[in-house]
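Engineer: Structural data only, the sequence is not supplied:
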C-alpha cells in the first residue's frame, strides 16, 4: 500500500552500527594524540643528501587521519559532535564541551517534532520508485505547494561544468505574495491555488510546471492532504476559500502576524490564531511587519526576510505544520526534518541571507543611535552639559568587523603585509580542497540516504577539522626542506608507492585538456588557462621572474584518466607527506613574491569551496602561537598564525569617544576613562614600567597585552602577536607624520617625547620627521617619475597651490614624452615615439595619420621645426587623392633611392654612390643632374661614372656639411621623369638628450 509506515530493515541498521563502532573504537581522548605524530615519526625522508625527490626516497607510512564519526554528545542539547569540535582543543578530556551546536548551553533549542505522514516514507525509502521520484524532484514538489514566489536573480553560469550543481544568486533575496484571488484573465499562482478553483487544484498545480510529465500525481495528492490536515497556513487559506464561497465578503483579507506570544526557545509551532487571521474592512492595528493580503490586487506584497512566515510559506514541505522559521533574537535552527532541508540548496541560501540580513539590520539600526567624535571636539561643545548626544558627532558606517565587507578585506590585507614585514615574504602557497569521498563524510551521508553535496553542514564541519589539523602540522612540525623535498610534480611508482600513486591519480592530475579534450573547463580560446601540459625538465630551475620551474622528468610513468593517458606534464604540484595524510587535492606551490599576499585575500572572494593558507619562514618563528577559543572566529575563511594586533593612535586629545543618542554630553565627559585609550595607556605604561621602554609602539605588543576592559597594558604570559599601526593616508596631515615617526620612537611618555629629535623638541610631527631625515628632498628624477609624483600629490590633496607647482615644473615633466603632437591642416594628432639609443623615431600613428587625411603612400610628409619640444608641423610635398593645395612635384612615374649618412661620409669626403645598376635608364648621356631642394631652388650637380655606377663627389660633401647632417640621418632622392630633375628631402633623427626615455606613462 502506498505511503504506509515501513519499519527500517533491522539487518541494515545492525550492519551500520557494527561499522560505526569499528571505525570509532580508537577515537577516544586517550588515542587522539596519535594524529599529531605525523611528520616526526611516520613520514621522515630516508636521506637528506639528495636534494631531489626521487622515487626511492619518497617516504612511506603516513597514515590517513580518520576523525571517526560524531560520537560525542553535547551535555546541553544532546547534539552529536566530533571530538575535534570541542571548545578547549588543547586539552584532553572525557567530558568535552561544544559551542557550535548551542554555544555551550547558552542557546536553548525547541524540541524537534516528528514530521507527519507520509514525509518519512518519501524521504527514507531507498527502494520504492515513488519515493525515489520524490527525492529526485523534491524542489519541484515543494514549489508546487509554495505560498510565495522567490524574488531572486539566479546565476546559472556556475553550473556549466560537470561538478556538483550549485545555487548561486545575485542581489538580495526576497519573497513575494499576491492577492487571494487572481486578476481577471490571469491563472492562479502560488497561494491563490489554495483558494481559487480548488475542485481542479491538482490539474492547476500541474499546469504551472512545464515538466509535469515527470511528476507523480499520487505524491501531489498525498502532500495536499498532509498540508490540509497539519499546516496552519493551508488551513487559513482554506478557511478564506470557504468564506468567499459561502457569503459575499467584498473586502476579505488575511493578515500574516509577525509577533509571537510563545517563547521561541521552547516552541517553534505557533497556534493557528498566532500565524494568521481573517479580517474584514480596514485594519489599523497591524504591526509594521505584518503582511496584509488583499482579496484582489495587482501589486505583489514583499515579505520581510525576518518575518516568521518567510520560510514556512516558501517551503511548506520543510515546515509541514507551519512551524516558524527564523525568529528575531532567538538564534536557533529550528526544524523537525533536517533530512529534507539538506536536499533544498535554496533553503540553505535563504537561511544564510536571513542571518546576514539580521546582522546588517543590527549595524544599520545601531548607527542611528551610536555616535563618535574626537574628545577635543566633544569637550569644546560642552557649553551645555545637558545637551543630548544626538545633536553632536557623526555617524558610523559599516565597520571592518563585519565579515566580508570592504574594510574587513582591507584590514586582512594590511595584517598580512605586517606579518611579511615581521617574518619575511611567504615561502609556500597551499590550497586544500574538500574531498567528498572522505570516509567520514561517506559514513554520515550513507546513513541518511543522501549525497555529500546535499550535506553542506557535514562537509563544512569535516573540512574545518581537516583544515585545523593541517594548520597544526604546518605550525608545529618541521616537514619542509628544499624545494624538491617539499614539492613533487611527478607520478609515483605504481608498484613501490601504490597508495601514493592512487591518490595522485585521483586528486593531482590536471585535465585532460588541450588537444585531448578541448571541452575541458580550463580551455579558453583554445588554450589551457593553467598552461597545461607543462614541459619536461631534468632539474628544478628558476625562470627570469624568480618563479620555480619544477622538475618533470620523462620517466614513462603514466595515469589513465577519462580514457586518456597522462604523464608528468599534467601533474599538479603536491607534497607527498601531506597528500598521504589528507587524501585530497592539496596543491603546494613555491612563491617568492609579495603579491602572493594580495592574491591570498583576492582568492577568498572566489567562494567557500576552497580554503587557502600561507606558510611563512619556519626558521624565523619562535614557535609560540596564540590560542583562539572563539568558535565563531575559527570559522572565518582564513586563519593565520601568528596573530596580528591592530594598534590605534591619535593626536593629543583627539581620541575617539563613543556615546548614544540619549546620553548627555556632560555625563559622557565625566567618565574617568574618557581620556584613556590604547595609545595614551601605552605612554603611561612607559612611565611606570621600564621593561618595555626599548620597544616601539608596534613592538610593545610582543611583551605586553592590552586589556581594553581595564584600560591598561599587562605583561604577556603566552602567545606570539605582531603589532600593526593602522594605515593612515597622507592627506591626514599630522596624523600621518605621527604614524611615520612612531615606527622608530621608543619609550615615549608624553607627546613631546615623540616630537623630540636629538634633544630638540619640534612643534609638529612633520618637522620632527624632517629632522629625522624621513622627508629628505630629492632633486633628481626623470620626467616620468615627476609626472607620476605630481598625479599622486593631486589625488592625496596635499598641495596648497597645485596650479603654482604646475607652472613651475611643467617644463621638466614634459621632457621625455611618449607621444608627440603633430599639427596639420588645422588638426592635431598624437604620434607615438620610439627610441634607438639616444635618438627618437616616429613609430605608431603615422599610418592612421595618412588614413585620416586620405594620404597615400606616395605622399611625402615633411616635419618642420622638430627639436626637443613635443610639437611638430607637417607639410605635404606630394599629391593626395584629393590633390593637395601644395603643388604636386612627384608624378606617378618616379625613381627613388635613399642613403644613410655615415661617419666616413662626414670625415673622409666619400662620394655618394648611386645604387642603380643601369645609369642609362636614369641619366641617359647627361653628366650633370639638376637637384631641387625646395621650390624654386635648383643646384647643378656633376656626376662621374665609376664602374658603370654614377657617383657624386665634392657637391655631395658640401651638401652634408651645409645641412649639418650627422650619422643616422637619411637623405631621400626622388627623380621626376616629367621635369628630368631630382627632388631631395632630408629625414633627420629627432636628436634629444642622452637620458633614457621612459615609455610607462
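Structural biologist: Yep, that arrived. These figures come from a predicted structure and were not determined experimentally.
Engineer: Could you measure from residue 556 over to residue 562?
Structural biologist: In this view, residue 556 and residue 562 are 20 Å apart by C-beta to C-beta, to the nearest Å. All C-beta spots, glycine's among them, are computed from the backbone N, C-alpha and C.
Engineer: okay, the two: which has more neighbours?
Structural biologist: Set side by side, residue 556 and residue 562 show more neighbours around residue 562, with 11 against 8, by other C-beta atoms under 10 Å.
Engineer: Give me the phi and psi angles of that one.
Structural biologist: phi 60, psi 40 (degrees, to the nearest 10).
Engineer: From residue 725, how far out is it?
Structural biologist: From residue 562 over to residue 725 (counting by C-beta to C-beta), the distance is 53 Å.
Engineer: again, but for residue 690
Structural biologist: 23 Å.
Engineer: For residue 655, grab the count of nearby residues.
Structural biologist: There are 19 residues near residue 655, going by other C-beta under 10 Å.
Engineer: For the closest residue to it other than its chain neighbours, list the residues it contacts.
Structural biologist: In space, not counting the residues next to it along the chain, residue 655 is nearest to residue 677; the distance is 4.2 Å by C-beta to C-beta, 6 or more residues apart in numbering. Neighbouring residues of residue 677 by C-beta atoms under 8 Å, 6 or more residues apart in numbering: 648, 650, 655-656, 711.
Engineer: Any quick PyMOL command for the buried ones out of the residues you listed?
Structural biologist: The PyMOL command for the buried members of those (criterion: 16 or more other C-beta atoms under 10 Å) is given here:
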select buried, resi 650+655+711
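Engineer: Could I get the full set of strands for the stretch 51-200 of the chain?
Structural biologist: Counting by DSSP state E, counting those that start in this stretch, the segments of the stretch 51-200 of the chain that form strands are 72-73, 80-81, 149-150, 153-154, 169-170, 175-177.
Engineer: Direction included, what does the last one pair up with?
Structural biologist: Sheet pairing of strand 175-177 (DSSP bridges) gives strand 149-150 (antiparallel), strand 301-303 (antiparallel).
Engineer: ditto for the second one
Structural biologist: If you go by DSSP bridges, strand 80-81 pairs up with strand 72-73 (antiparallel).
Engineer: What are the contacting residues of the partner strand?
Structural biologist: 79-83, 86, 96, 98.
Engineer: if you set the cut-off to 7 Å instead, what comes out?
Structural biologist: Contact partners of strand 72-73, identified using C-beta atoms under 7 Å, 6 or more residues apart in numbering, comprise 80-83, 96.
Engineer: These into TSV, with extra columns for neighbour count?
Structural biologist: Listed next are these as TSV, based on neighbours: other C-beta atoms under 10 Å:
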residue	neighbour count
80	13
81	20
82	21
83	22
96	21
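Engineer: any chance of those residues in JSON lines, plus distance to residue 323 and pLDDT?
Structural biologist: Below are these laid out as JSON lines (distance: C-beta to C-beta, whole Å; pLDDT from 0 to 100):
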{"residue": "80", "distance to residue 323": "22", "pLDDT": "90"}
{"residue": "81", "distance to residue 323": "24", "pLDDT": "92"}
{"residue": "82", "distance to residue 323": "28", "pLDDT": "92"}
{"residue": "83", "distance to residue 323": "32", "pLDDT": "92"}
{"residue": "96", "distance to residue 323": "31", "pLDDT": "91"}
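Engineer: Pick the one among those residues closest to residue 439.
Structural biologist: Closest approach to residue 439 among the contacts of strand 72-73 (C-beta to C-beta): residue 82, at 13.3 Å.
Engineer: And the pLDDT at the residue lying closest to that closest one once chain neighbours are set aside?
Structural biologist: By the measure of C-beta to C-beta, 6+ apart, the closest residue to residue 82 outside its immediate chain neighbours is residue 70, 4.9 Å from it. Looking at residue 70, its pLDDT stands at 90.
Engineer: give me phi/psi at residue 70?
Structural biologist: According to degrees, to the nearest 10, residue 70 has phi -70, psi 90.
Engineer: could you measure it against residue 693, distance?
Structural biologist: With C-beta to C-beta as the criterion, residue 70 and residue 693 are 52 Å apart.
Engineer: Ok, residue 84 next?
Structural biologist: For residue 84, the distance to residue 693 equals 43 Å [C-beta to C-beta].
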